[in-house]
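Asks: With the input below, show me the fold.
(chains A and B)
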Amino acid sequence: MSNTSSNLHERQSGSSTFDSQSSDEDIVLECRNLSVAFEMDRGTSRVLHDVDIDIRRGEIIGIVGESGSGKSMFASALLNAVVSPGRTDGQVTYHPRDGEPVDVLGLDKGPLRSLRWEDISMVFQGAMSSFNPTMDFREHFVETLDAHDYDIAAGIERAEELLSDLYLDPQRVLDSYPHELSGGMKQRALIALALVLEPEVLVMDEPTAALDLLMQRSIISLLSELRDKYDLTMVFITHDLPLVTKLADRIGVLYAFEFAEVGDTAEMVRDPKHPYTRALLNATPNLDAPLTEMRPISGAAPDPVDVPTGCPYHNRCPMATAECEDIKPPMDAVSETHEVACHHWPDVDDEIPLSTGVQK
Amino acid sequence: MSVDQPVLSLSDVDVHFEKDGGGLNPFADRPTIRAVDGVSLDIGSNDVVAIVGESGSGKTTLGKTAVGLQQPTGGSISYRGQDIWAAKKWRSNPSIPYEEIRRSLQIIHQDPGAALNPNRTVMSSLAAPLKRWQPDLGSEDREARILHFIERVGMSPPHDYAHRYPHQLSGGEKQRVALIRALLMNPDLILADEAVSALDVSLRVEMMDLMLELQSEFDTSFLFISHDLSNARYIAEHSGGRLGVMYLGELVELGPADEVLQNPQHPYTKVLKWATPELGVDEGPTEPPVREIDIPDPVNPPAGCRFHTRCPNATEQCRTDTPPAANVDTSGNHHVTCYRATDDDAYWNSTPLDGATLASDETTHDD
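Replies: Predicted coordinates:
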């Protein structure tokens, strides 16, 4: 497919990370042609489609999409955790701070197990079901440390520090059983558990979706403190675009199982170029926007078995032309830090004005 | 019945639950959960009230109590002047029969998937309440009426949708069916408890628009409950309704939606405003403006003002004394339960608690 040049032109040689223009382009995870497919009776369901993206060391990248846009599959594919009979193709390369690059999709069971948790760790949405109800939190930490041959005493000390970083009382939490804590406390304990083996990358799939807004915002501010304190790279996957603007350095918008637009948070909020990103922003209830300007997005998200040809958004897009129906738009650079897959992005300002009340 | 009589009137309503505990000892103290404590609220006809609060604030219990699904342990609740729970009593001879009250107060739940019977088609689910309440309606009329509603909420062609099962509908469509089921009863009030929270962000505005449209078309009142201030604002401000803020069982601020948002008086309302993501990018992540992230246990709510354990402006006075409800302006529509809205010297001369300050650092505070 033509959706290849996702990361501008300077890194076409692929695996090398030293031909980029500046040192802050230090890549920690590199995805090339990443696809996930499920064979179904009615055809092949392609739930992630030829995704190319680089995740930079130390950044927080927000991945945003509606239900059924492939965002959870992206998270699973990063860790080679797609469940059978799903098939993951393409390449995910992990570049440790020191040492050789690791081909994540080619790893055997053992090394893969230690890569997860020790190098790349993951937090899922359902904190409620991530814990064993018959074990207290101390046992959960001990079990995790033990399974990866870490020093238990030092690990528990680290756990206590992590828990207090997350505004929890370490002794109380370690001696509690899961049912004794509220949802927000469990979710924070899960983040501490994910970080106890000192991973470099933390992948979070809707980590705050089941919580109320105040807890969501509180966790968001704690996460950015954790990133600074422990030098983490974070991938934050969510359907909530306004929430992720408070945390992420960069935002990628997924539509129909591929990236429609990727850019710096400020550019994505002030001046997004993809009609879908604009529709998404205009459809989001918020406190500032004029009420009359909020509009729902018409139409439904595409079926993964039958993604429209050309631009996958063309049948919902008010700007679509014959070109959009036939030719899939390639990723095009809007600026050095912003790229978009749309044939008509230069005209989007006139066609779909932003109504979010944010100044350019 | 006088014209200005409210459809629903809650007066000093308490809902306390006794928690299991104490094992086999029958004399053990059973802890009491004070889910709703001393709430008074009037809902007029064609009125919209949105209630916001965190998990554990008692907003769902308040909603259930308002529509007569939960009996209050204190205070009273009346529908057009008739006490709901008195009407239910045998031989009470109420001015409005209980069945009619029950039919006039409808509910839409958070999870539309669980609210519909998976073994019944949309038509069959929607026909059941009509058969129960309007048995003399012929089957053809009934179907025509249901099909009309299905089309009215934007599910077209209606014949196709009427014969689908819930699993063949999207989340938004299921919620529409639940909305039709409530509206078929021609209710005076619909309780929408987190009715849009489970939907994708992009579908929420559409669903709320539909609710507002039908609200004005059918002269129905709405009690809209949400943890999300931006959804509550959308519903309340669009309909010129009121916004209420709940904290640990108490209604701490209530007023016209635009006024509560533009000029929030309770520190907790300001905290909720902070928690609502806005699209500005100028400020990065900020510290939560509360001294404690977690809401206290409603089993033993803090003494004095219940928010004092987390409030950024709490003093020794708040720790011991309960603030009175105060009018914010002269109109008498905007109430808040906080010493900061009063001139009470006992508060302003009191020592701030650890980590708190008397000064307001909010830009929203405009005096």
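Asks: tell me the contacts of the one residue sitting closest to the centre of chain B?
Replies: Centroid-nearest residue in chain B, with C-alpha atoms, centre = their mean: residue B:225, separated by 3.2 Å. Contacts for residue B:225 (C-beta atoms under 8 Å, 6 or more residues apart in numbering or on different chains) come out as B:50, B:51, B:52, B:59, B:60, B:62, B:63, B:191, B:192, B:193, B:194. Glycine gets a C-beta too; all of them are placed from N, C-alpha and C.
Asks: correct me, but the fifth one touches residue B:195?
Replies: It refers to residue B:60. No. Between residue B:60 and residue B:195 there is no contact under C-beta atoms under 8 Å: 12.0 Å.
Asks: Who has more neighbours out of those two?
Replies: Set residue B:60 next to residue B:195 and count neighbours by other C-beta atoms under 10 Å in any protein chain shown: residue B:195 wins out with 29 against 21.
Asks: so is that one in a helix, a strand, or just coil?
Replies: The three-state label given to residue B:195 by DSSP: H, G, I helix; E, B strand; the rest coil is coil.
Asks: related to what we said a few turns ago, JSON lines for the contacts of residue B:225, including pLDDT, distance to chain A and secondary structure?
Replies: JSON lines is the format used below for the contacts of residue B:225 (pLDDT from 0 to 100; distance: C-beta to the nearest C-beta, whole Å; DSSP: H, G, I helix; E, B strand; the rest coil):
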{"residue": "B:50", "pLDDT": "95", "distance to chain A": "12", "secondary structure": "strand"}
{"residue": "B:51", "pLDDT": "95", "distance to chain A": "13", "secondary structure": "strand"}
{"residue": "B:52", "pLDDT": "93", "distance to chain A": "9", "secondary structure": "strand"}
{"residue": "B:59", "pLDDT": "90", "distance to chain A": "10", "secondary structure": "helix"}
{"residue": "B:60", "pLDDT": "89", "distance to chain A": "12", "secondary structure": "helix"}
{"residue": "B:62", "pLDDT": "93", "distance to chain A": "16", "secondary structure": "helix"}
{"residue": "B:63", "pLDDT": "92", "distance to chain A": "16", "secondary structure": "helix"}
{"residue": "B:191", "pLDDT": "94", "distance to chain A": "19", "secondary structure": "strand"}
{"residue": "B:192", "pLDDT": "93", "distance to chain A": "15", "secondary structure": "strand"}
{"residue": "B:193", "pLDDT": "91", "distance to chain A": "14", "secondary structure": "strand"}
{"residue": "B:194", "pLDDT": "88", "distance to chain A": "10", "secondary structure": "coil"}
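Asks: Widest-spaced pair of the residues you listed?
Replies: Using C-beta to C-beta, those span at most 14.7 Å, a distance reached by B:52 and B:191.
Asks: State the number of residues packed around the residue of the stretch 251-367 of chain B found nearest chain A.
Replies: The minimum distance from the stretch 251-367 of chain B to chain A, using C-beta to the nearest C-beta, falls at residue B:277 (3.5 Å). Residue B:277 sits with 24 neighbouring residues when counted by other C-beta under 10 Å.
Asks: Might you report the residue contacts of it?
Replies: Contacts of residue B:277 (C-beta under 8 Å, 6+ apart): A:213, A:217, A:240, A:242, A:243, A:245, A:246, A:286, B:230.
Asks: Among the residues you listed, name the buried ones.
Replies: A:213, A:217, A:240, A:242, A:243, A:245, A:246, A:286, B:230 (16 or more other C-beta atoms under 10 Å in any protein chain shown).
Asks: Touching, the third one and residue B:200? I think so.
Replies: Meaning residue A:240. No. Contact criterion C-beta under 8 Å: residue A:240 and residue B:200 do not qualify, at 9.9 Å.
Asks: Sticking with residue B:102, tell me its helix or strand.
Replies: helix B:98-104 (DSSP states H and E).
Asks: How about residue A:49?
Replies: strand A:43-56.
Asks: Quick check: phi and psi on the residue nearest to the centre of chain B?
Replies: Residue B:225 adopts backbone torsions of phi -110, psi 130, taken as degrees, to the nearest 10.
Asks: what does residue B:107 give?
Replies: Here residue B:107 shows phi and psi, under degrees, to the nearest 10, equal to phi -140, psi 140.
Asks: Give me the contacts around the helix holding residue B:102.
Replies: With C-beta under 8 Å, 6+ apart, helix B:98-104 has contacts from B:7, B:68, B:79, B:82, B:84, B:87, B:88, B:133, B:185, B:187, B:188, B:189.
Asks: Generate CSV for these, with distance to chain A and pLDDT as supplementary columns.
Replies: Shown next, in CSV, are the contacts of helix B:98-104 (distance: C-beta to the nearest C-beta, whole Å; pLDDT from 0 to 100):
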residue, distance to chain A, pLDDT
B:7, 25, 91
B:68, 26, 90
B:79, 30, 92
B:82, 35, 90
B:84, 29, 91
B:87, 35, 88
B:88, 33, 86
B:133, 33, 86
B:185, 27, 89
B:187, 25, 92
B:188, 26, 92
B:189, 23, 94
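Asks: per-residue pLDDT, residue A:71?
Replies: You'll see residue A:71 listed with a pLDDT of 87.
Asks: I should have written residue B:252 there, sorry.
Replies: Looking at residue B:252, the pLDDT reads 94.
Asks: What helix or strand is it located in?
Replies: Per DSSP H and E, residue B:252 falls inside strand B:250-256.
Asks: Check which helices and strands that strand sits against.
Replies: Packing contacts for strand B:250-256, counted by 3 or more C-beta pairs under 8 Å, 6 or more residues apart in numbering or on different chains; DSSP states H and E, involve strand B:32-43, strand B:242-247, helix B:267-275, strand B:335-337.
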